[in-house]
Structure formats: structure tokens, C-alpha cells
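> From the sequence below, what's the structure:
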Amino acid sequence: MTASRKTSLLCPNCRRLISRDEPSCPYCGLGSPGSWWKNNGVLRLFHDQDSFLTGLSTINIALFVLSLILNPRGMSLGMNPFGFLSPDNRSLLLLGATGTMPIEAFHRWWSLVSASYLHGSLLHLIFNLIALRQIGPLVIQEYGLARMFSIYTLGGIGGFLLSYLAGVPFTIGASAAVCALIGAALYYGKSRGGSYGQQVYQQVGGWAMSIFVFGLLVPGINNWAHGGGMAAGILCGLLLGYQENRREMLSHRLLGATCAAGTILVLLWSVATSAIYRFF
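Presented below is the predicted three-dimensional model:
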């Protein structure tokens with residue numbers, strides 16, 4: 001018995017059922033939709049929302065654990081909940097904390113990416129992962145998964161770049177990237193309008209205001225990164241568009257895949273160099 005070749009597939013761009021032999025997708029115009037690389041490459045990263053968010057959270061948790069392992073004697077076990085299980089600054093520097101000191105003293109521009117995956121305490125990590133789980137699905141729903149991760153990555157970079165320009169010496173945390181998602185959601189709600197858009201704008205606006213007030217009341221919060229991330233998210237939302245006014249295209253997935261590949265390379269570099277410096 002011989003196996004028959006499948007004659008249909010889901011377009012890797014618009015996810016509509018088409019013939020494998022189509023020269024271009026009749027729905028979205030993607031060329032050669034049946035090609036191997038478009039169906040089995042990095043673009044497949046952006047097909048499963050739950051797995052992607054779980055993977056993103058897992059990376060943050062793994063790097064937090066590693067930051068503690070690099071120097072167990074340096075971690076803080078104090079009674080202050082904001083400082084409980086805090087890795088020491090040397091470990092965070094090795095893994096890619098950003099700011100004027102890492103960038104100007106060590107020329108670590110790549111830390112603008114890695115800093116979004118590092119956290120200063122267990123509570124810091126928990127807060128950011130909860131926020132990611134709250135805002136992430138909304139942005140994925142309205143922008144698509146690839147654009148969501150592009151906003152997350154580029155917004156984190158933008159937030160930490162503004163923080164660097166403002167002279168913040170040493171900073172970490174996913175909150176700049178999370179604020180970028182909030183900024184993109186604010187843009188979506190305001191741009192879309194209507195009752196649903198207004199509800200999104202009001203709800204997310206309440207989150208944004210809470211972050212602003214929290215940053216004023218609690219010492220050590222990097223408000224420059226928060227504000228820069230939110231502004232970058234609004235700009236990304238404007239430039240990339242959302243599903244209702246610009247359907248997710250191959251170019252959006254390629255941008256998301258580029259952000260994913262760049263992030264993976266930066267994090268692998270930070271982990272490898274930290275381990276070599278600390279243990280060898």
C-alpha cells in the first residue's frame with residue numbers, strides 16, 4: 001500500500017484551507033504557500049497562543065533561577081517581600097542587566113533585549129508574569145501572536161533605551177515590555193472606537209494609571225522604562241496595525257520570527273558567557 005500525498009493544507013499566513021499546489025494563496029496572496037520552509041520554519045512559532053505564553057513565562061522563570069544559582073551566597077532572604085529571593089547585582093550584570101553602567105562601561109547594547117527577561121526578586125517576577133498573562137491574550141486577539149511578540153520585544157527595547165538616555169544606571173524587568181503591550185492595547189481601543197473599543201481603552205487605561213501611581217509610591221521603580229515601553233507600544237500599534245484594519249501578513253510573522261531569533265541568540269550568549277565567567 002502506498003501513502004497518498006496530502007492535496008490540501010492551511011495557508012501558513014491566513015490559515016485558510018487551500019490546495020497544496022496553489023502558486024499563491026487565493027485569500028491573502030502569499031506566494032508558494034505549500035513550500036516546506038513556510039510550513040515548517042520559525043513561522044510555526046506563532047500558531048499556538050497558550051504554548052507561546054507558557055514558553056515566554058518559562059524563559060523568565062528559568063533565567064530568574066539561574067540568576068540565583070550563579071551566586072547563591074549573594075541572594076537576599078530578608079523579610080521584606082519586595083526583596084525576598086533577590087539575586088545579587090553581579091549575577092544580574094553577567095546575565096544582561098541594562099542601564100548606563102552596563103552599556104557605557106562594558107558596551108553591552110544587547111542588554112536592551114536581555115534585561116526584559118531578568119528580575120530582581122520573586123515578587124517582581126510574579127507581578128510581571130501575572131501582568132503578561134492578563135494583557136497578553138488581549139493583544140494577541142487584536143493584533144495576532146506575531147505582532148504581539150514584536151511589540152513585546154521592540155517595546156522592551158524602546159523602554160530601556162529611554163531609561164538609558166534618562167541616565168538610569170542599572171535596571172531589569174519585563175515591565176517595560178508589558179507596558180508596551182498596554183500601550184498597543186490603548187492605541188487599539190482609541191483607534192477602533194465604538195462600545196468595545198471604549199471598554200478596552202477604559203480598562204487598559206486603568207491598568208496604565210495603576211502602574212503610574214505604583215511607580216510614584218514605591219521606590220526603585222523605573223518609570224522611564226515604563227513610560228518608554230508604553231510609548232513604544234503605541235507607536236508599534238500604529239505602524240503594524242491591528243487585525244481589524246490590517247490582517248496579519250507574512251511580513252508581520254517574519255518580523256516576529258526575527259525578534260524571536262534575535263532574543264534567543266542574545267539570551268544564549270548571556271547564559272553562556274555568565275556560566276563561563278562564573279564556573280570556569
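> mind listing the strands in the stretch 1-150 of the chain by residue range?
All strands of the stretch 1-150 of the chain, identified by DSSP state E, counting those that start in this stretch, fall at 8-10, 17-19.
> Any chance of those strands in a markdown table with mean neighbour count and distance to residue 148 as columns?
(C-beta placed from N, C-alpha, C; glycine too.) Shown next, in a markdown table, are the strands of the stretch 1-150 of the chain (neighbours: other CB atoms under 10 Å; distance: least, CB to CB, whole Å):
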| stretch | mean neighbour count | distance to residue 148 |
| --- | --- | --- |
| strand 8-10 | 13 | 20 |
| strand 17-19 | 14 | 25 |
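> right, so of the ones you listed, which gets closest to residue 89?
Nearest to residue 89 among the strands of the stretch 1-150 of the chain is strand 8-10; the distance by CB to CB comes to 47.8 Å.
> residue ranges with poor pLDDT in this structure?
1-6, 12-15, 28-32, 34-47, 74-83 (pLDDT under 70).
> so which of the strands of the stretch 1-150 of the chain gets nearest residue 64?
strand 8-10 (36.5 Å).
> chain center to the closest one: distance?
Centre-to-centre, strand 8-10 and its host chain are 30 Å apart (CA atoms, centre = their mean, to the nearest Å).
> Provide the strand pairings for it, with the direction of each partner.
strand 17-19 (antiparallel) (DSSP bridges).
> how about the helix or strand hosting residue 198: buried residues?
Using DSSP states H and E, the element containing residue 198 is helix 194-217. Residues of helix 194-217 classed as buried: 197, 200-201, 204, 207-208, 211-212, 215 (neighbour count, 16 or more other CB atoms under 10 Å).
> Count the neighbours of the nearest residue to residue 91 once chain neighbours are set aside for me.
The shortest distance from residue 91 to any non-neighbouring residue, by CB to CB, 6 or more residues apart in numbering, is to residue 70 (4.0 Å). Residue neighbour count, defined by other CB atoms under 10 Å, stands at 22 for residue 70.
> Equivalent analysis for residue 27, please.
Neighbour number of residue 27 under other CB under 10 Å is 16.
> Residue 131 too?
19.
> mind putting the strands of the stretch 1-150 of the chain in CSV, distance to residue 121 included?
As requested, those are exported to CSV (distance: least, CB to CB, whole Å):
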stretch, distance to residue 121
strand 8-10, 43
strand 17-19, 48
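> Can you say which of these is nearest to residue 95?
Minimum separation from residue 95 across the strands of the stretch 1-150 of the chain (CB to CB) falls at strand 8-10, 38.6 Å.
> State the phi and psi torsions of residue 26.
Main-chain torsions, residue 26, degrees, to the nearest 10: phi -70, psi -10.
> Once you drop chain neighbours, what's closest to it?
That would be residue 18: by CB to CB, 6+ apart, it lies 6.6 Å from residue 26.
> Repeat that for residue 131.
Nearest to residue 131 is residue 178, by CB to CB, 6+ apart, at 4.8 Å.
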